[in-house]
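Peer 1: Give me a 3D structure for the following:
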Amino acid sequence: METAVTIFDDPWSCVTRSGRYLVAALKHPHRVLSTSQVNGGLCEHVAHLVNHQSCEGAAHRERLDAIVAMGQAAYHHQVCQELGLDSQTTATMGTAANMQYAATVTAAYEEFSVTAIVTAGVQGNAGRAGDPSRFVERNRTYEPVVETQSGTINTMLLFNAALSQAALVRAVVTMTEAKTAALQELAVSSRVSAELATGTGTDQFTIASPLIDPAAITWTGQHAKVGELIGRAVHDATREALRWQNGLETSLTRSAIYALKRFGFSQAFFERRLRESLTASRYEFYKKNWDAILHDPQTAGCAYAIAAVLDRLAYGTLPPACATELLFNQCCLLATTLAVKPRAFTDMHQRLQPHLGKAANELIFQAILLGWEAKWNSTIS
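Peer 2: Below is the predicted model of the structure:
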């Protein structure tokens, strides 16, 4: 193996990165809970936690096919062999994320500390709990239901205090809520539905706390200080890992397309409709300026408002009988805002009337077209 780089070290564990691997060496006996295919579940004999990049994020089919053919247990043993670790005392996680993008965050309060080490990618298979699944498992084999892509959030969670078995299991709930909160803040959308994502279909974790009885911590929910530390560490590490792996800076989510792509208003749709609606010279003008159009803070704000209305309609907060009018009014506001002419709302309302009742993505497109043209048309006040 290549020379290891230490990314975390305390009296209880040491985490190093070597090539495509992150390895946490537990310096003392720990109680471990993990999703590892071998030594998974709750156990007290695991000495090493491993996160490894098993393939690249896209089109690495030969690697994926080899792993599938080998089987998850055999692959676990191969990973351990490559690292020189005992496969019977190691818990592993696999991902397409780059280990150099791992984010390490420690949250502390007085004598307690929680460290989260997260790798994350959501561009391939982010989803919402309850979305249509991609596989069905039968007889220990996975049958694909729909085509799948790479994307995983792997979390390694380390405590400096002993947790009871119940507290260790409850930590999974708090950890998951924190991960989902980070995704909600970044407005990460599902890849298989029009919903915001709560995770990916392949998320994994390894959690370890010192094996000391009696346990010092018996509860890890939000109301407990250690639960707060879990939430802060996992949330911040997830945000940081996504920033490195997928470039998900908060400012880059300030985009009409980012806000509305889950409803069909994608970059491809926008570009196609511009080509169909404009002359070649006018299209080139839009193409050179569409970042200014789509990332304008007022435009993005209107786009997120439209997304919120569409969500509330889907969830039943707003009655379906009002859907056409609600969407239309929001799009009139979008056009008015993009035009930077607040007193033009009535004019925009009239000009958009021919498009009343059209699909959401088409109405949004027409509103942007109208607003941008009006911005530079002195005949519209």
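Peer 1: what's the closest non-adjacent residue to Ser189?
Peer 2: Arg262 (4.0 Å; CB to CB, 6 or more residues apart in numbering). Yep, even glycine has a C-beta here, placed from its N, CA and C like the rest.
Peer 1: ok, Arg272 - contacts?
Peer 2: Applying CB atoms under 8 Å, 6 or more residues apart in numbering to Arg272 gives no contacts.
Peer 1: pull the longest strand from this protein.
Peer 2: Assignment by DSSP state E gives strand 112-120 as the longest strand of the chain.
Peer 1: What mean pLDDT does that strand get?
Peer 2: Average pLDDT, strand 112-120: 97.
Peer 1: Parallel or antiparallel, which strands does it pair with?
Peer 2: On the basis of DSSP bridges, the sheet neighbours of strand 112-120 come out as strand 103-109 (antiparallel), strand 153-159 (antiparallel).
Peer 1: Show residues contacting the first one.
Peer 2: This points to strand 103-109. So strand 103-109 is in contact with 7-8, 15, 113-120, 225-226, 228-230, 232-234, 236-241, 243-244, going by CB under 8 Å, 6+ apart.
Peer 1: Which members of these occur in helices, if any?
Peer 2: 225-226, 228-230, 232-234, 236-241, 243-244 (DSSP state H).
Peer 1: Of the contacts of strand 103-109, just the buried ones, PyMOL syntax please.
Peer 2: The following PyMOL line selects those of the contacts of strand 103-109 that are buried, judged by 16 or more other CB atoms under 10 Å:
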select buried, resi 7+8+15+113+114+115+116+117+118+119+120+226+228+229+230+232+233+234+236+237+238+239+240+241+243+244
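Peer 1: from the ones in helices among the contacts of strand 103-109, which single one is nearest Thr200?
Peer 2: If you rank the ones in helices among the contacts of strand 103-109 by distance to Thr200 using CB to CB, Thr238 comes first, at 11.4 Å.
Peer 1: who touches the closest one in this structure?
Peer 2: So Thr238 contacts 103, 116, 118, 120, 153, 155, 178-179, 182-183 (CB under 8 Å, 6+ apart).
Peer 1: can you do 7 Å?
Peer 2: 118, 120, 153, 179, 182 (CB atoms under 7 Å, 6 or more residues apart in numbering).
Peer 1: Quick check: closest non-adjacent residue to it.
Peer 2: Nearest non-adjacent residue to Thr238 (CB to CB, 6+ apart): Ala182, at 4.0 Å.
Peer 1: which stretches of the chain form helices?
Peer 2: Taking DSSP H as the criterion, the chain carries its helices at 61-70, 72-83, 165-185, 225-246, 256-260, 267-277, 280-294, 297-315, 323-339, 345-352, 360-375.
Peer 1: Could you dump the ones you listed into TSV with distance to Thr3 and mean pLDDT added?
Peer 2: Output for these, formatted as TSV (distance: least, CB to CB, whole Å; pLDDT from 0 to 100):
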stretch	distance to Thr3	mean pLDDT
helix 61-70	24	58
helix 72-83	14	87
helix 165-185	31	97
helix 225-246	22	97
helix 256-260	40	96
helix 267-277	42	95
helix 280-294	42	90
helix 297-315	45	96
helix 323-339	54	96
helix 345-352	63	96
helix 360-375	51	94
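Peer 1: which residues does Leu327 contact?
Peer 2: Leu327 makes contact with 309, 360, 363 under the criterion CB under 7 Å, 6+ apart.
Peer 1: Please repeat the previous calculation with a cut-off of 6 Å.
Peer 2: Leu327 makes contact with Ala360, according to CB atoms under 6 Å, 6 or more residues apart in numbering.
Peer 1: so how far is Asn361 from it?
Peer 2: Distance of Leu327 to Asn361, computed by CB to CB, to the nearest Å: 11 Å.
Peer 1: Next: Pro132.
Peer 2: Taking CB to CB, one finds Pro132 at 21 Å from Asn361.
Peer 1: Of the two, which one has the most company?
Peer 2: Shown here are Pro132 and Asn361; by other CB atoms under 10 Å, Asn361 has more neighbours (17 against 10).
Peer 1: if you skip the residues just before and after it, what's nearest to the more buried one?
Peer 2: Per CB to CB, 6+ apart, closest to Asn361 is Gly264, 3.9 Å.
Peer 1: Just the buried residues of stretch 193-200, please?
Peer 2: 194-200.
Peer 1: ok, Ser345 - how many residues close by?
Peer 2: In this structure residue 345 is Phe, not Ser. Count around Phe345 with other CB under 10 Å applied: 16.
Peer 1: Tell me who's in contact with the closest residue to it other than its chain neighbours.
Peer 2: Leaving aside its sequence neighbours, Phe345 sits nearest to Thr336 (CB to CB, 6+ apart; 4.6 Å). Thr336 sits next to 344-345, 348 when contact means CB under 6 Å, 6+ apart.
Peer 1: hmm, try it at 7 Å
Peer 2: 342, 344-345, 348, 371.
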